[in-house]
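Undergrad: Let me see the structure of the following:
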Amino acid sequence: MKMIVAVLLWSSFFSLAVADFKRPSTFVALSQWAPEIRLDMRYAGDRNFMGRPVAGYEAPECWLAQPAAVALQRAQEVLARDGLGLIVFDCYRPERAVADFMQWSLTGDIAQKQAYYPRIAKSELFSAGYIADRSSHSRGATVDLAIFALRDPTLEPNQRTEPEQLCQAEQPRMVDVGVLDFGSGYDCFDRVSHTEYAGLHPEAVKNRQLLLQIMQDHGFVNYSKEWWHFTLKPEPYPSVYFDFPVGAVDGVLISE
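TA: Numbering: from 1, shown residues only. A predicted model of the protein is given here:
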């Protein structure tokens, strides 16, 4: 009970304290800065571990501190030489979204368990390090992403999935848009998503190493439990957690 009250008070504080908080001019929209990078912003819709839009995501846009956007653009330019590109799932994440995650973790809703956390209890997602109560995303220089091919890779369908068949709900759709095989889906809260996980198909291992190398080459550091999670170092705002909503460039909200 004490934990529930604490979470509610914490989230209420931020919802009041940042009601008029504005996005800093140093943040840029990736759709404008580097339109060649694809956006698949999962938390603005229902294709995520909560099964619904997350608080604070008012548009399917990627906002980042400008140095992070510059670094991503340069990584994209290198990949494009080989007919590849970046596809982004999450960028800046407002503090109110993190509070929404925390409140969700206290509910009995497990509708998305099989698709996103099949081998771990929902109550353990924070302590296991899969969801953070203070997210680096809120500092504006962390991004979740993968690589897609402009041309469909010559790979048999049964080679596109991880042998344990975990967290594959999004795999058919990802294949359709050319995303390379990374051995697990985005936000698969399981050891199979650890960057150095052993037992993957060789193609998935190669793709993870490609993503890791290209991001490291452009100043990003990977979070070892999530092959898709990278933070630019040094960070422009290493100790600031922002809470402005993720809005569209023109200010128009997404439709319900």
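Undergrad: mind listing the helices for the chain?
TA: For the chain, the helices defined by DSSP state H cover 2-17, 30-33, 66-80, 95-105, 113-116, 171-176, 202-217.
Undergrad: Adding mean pLDDT, write those helices out as JSON lines.
TA: Below are the helices of the chain laid out as JSON lines (pLDDT from 0 to 100):
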{"stretch": "helix 2-17", "mean pLDDT": "40"}
{"stretch": "helix 30-33", "mean pLDDT": "97"}
{"stretch": "helix 66-80", "mean pLDDT": "98"}
{"stretch": "helix 95-105", "mean pLDDT": "96"}
{"stretch": "helix 113-116", "mean pLDDT": "94"}
{"stretch": "helix 171-176", "mean pLDDT": "80"}
{"stretch": "helix 202-217", "mean pLDDT": "97"}
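Undergrad: Save the ones you listed as a markdown table, and put in distance to Leu125 too.
TA: To be clear about C-beta, it is placed using only N, CA and C from the backbone, and glycine gets the same treatment. Rendered in a markdown table, the data for the helices of the chain read as follows (distance: least, C-beta to C-beta, whole Å):
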| stretch | distance to Leu125 |
| --- | --- |
| helix 2-17 | 14 |
| helix 30-33 | 27 |
| helix 66-80 | 26 |
| helix 95-105 | 6 |
| helix 113-116 | 9 |
| helix 171-176 | 22 |
| helix 202-217 | 22 |
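Undergrad: In TSV: these, plus mean neighbour count and distance to Asp243.
TA: Putting the helices of the chain into TSV (neighbours: other C-beta atoms under 10 Å; distance: least, C-beta to C-beta, whole Å) gives the following:
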stretch	mean neighbour count	distance to Asp243
helix 2-17	12	6
helix 30-33	18	20
helix 66-80	19	18
helix 95-105	20	4
helix 113-116	18	25
helix 171-176	15	31
helix 202-217	17	26
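Undergrad: nearest to Ala248, of these?
TA: Closest to Ala248 of the helices of the chain is helix 30-33 (C-beta to C-beta; 9.0 Å).
Undergrad: now what about the closest one, what contacts it?
TA: Residues outside helix 30-33 that contact it (C-beta atoms under 8 Å, 6 or more residues apart in numbering) are 37, 39, 61-64, 66, 69-70, 72-73, 88, 91, 249.
Undergrad: From what I see, Ala34 and Arg74 are in contact.
TA: No. Ala34 is beyond contact range of Arg74, at 9.2 Å (criterion: C-beta atoms under 8 Å).
Undergrad: can you give me the end-to-end distance of stretch 189-209?
TA: End-to-end span of stretch 189-209 (C-alpha to C-alpha, to the nearest Å): 20 Å.
Undergrad: Actually, stretch 127-141.
TA: Per C-alpha to C-alpha, stretch 127-141 runs 23 Å from first to last residue.
Undergrad: What of stretch 57-74?
TA: Chord length of stretch 57-74, first to last residue, is 26 Å (C-alpha to C-alpha).
Undergrad: Mind picking out the helix or strand in this protein with the poorest mean pLDDT?
TA: helix 2-17 (a mean of 40; mean pLDDT, DSSP states H and E).
Undergrad: out of the helices of the chain, which comes closest to Ala146?
TA: Ala146 lies closest to helix 202-217 among those, at 6.8 Å (C-beta to C-beta).
Undergrad: The closest one to helix 66-80, inter-axis angle?
TA: In terms of direction (axes from the mean of the first three to the mean of the last three C-alpha atoms, to 10 degrees), helix 202-217 departs from helix 66-80 by 140 degrees.
Undergrad: Please work out which residues outside helix 202-217 touch it.
TA: Helix 202-217 is contacted from outside by 75, 78-79, 145-147, 155, 159-160, 162, 180-183, 195, 200, 222, 227-228, 230, using C-beta under 8 Å, 6+ apart.
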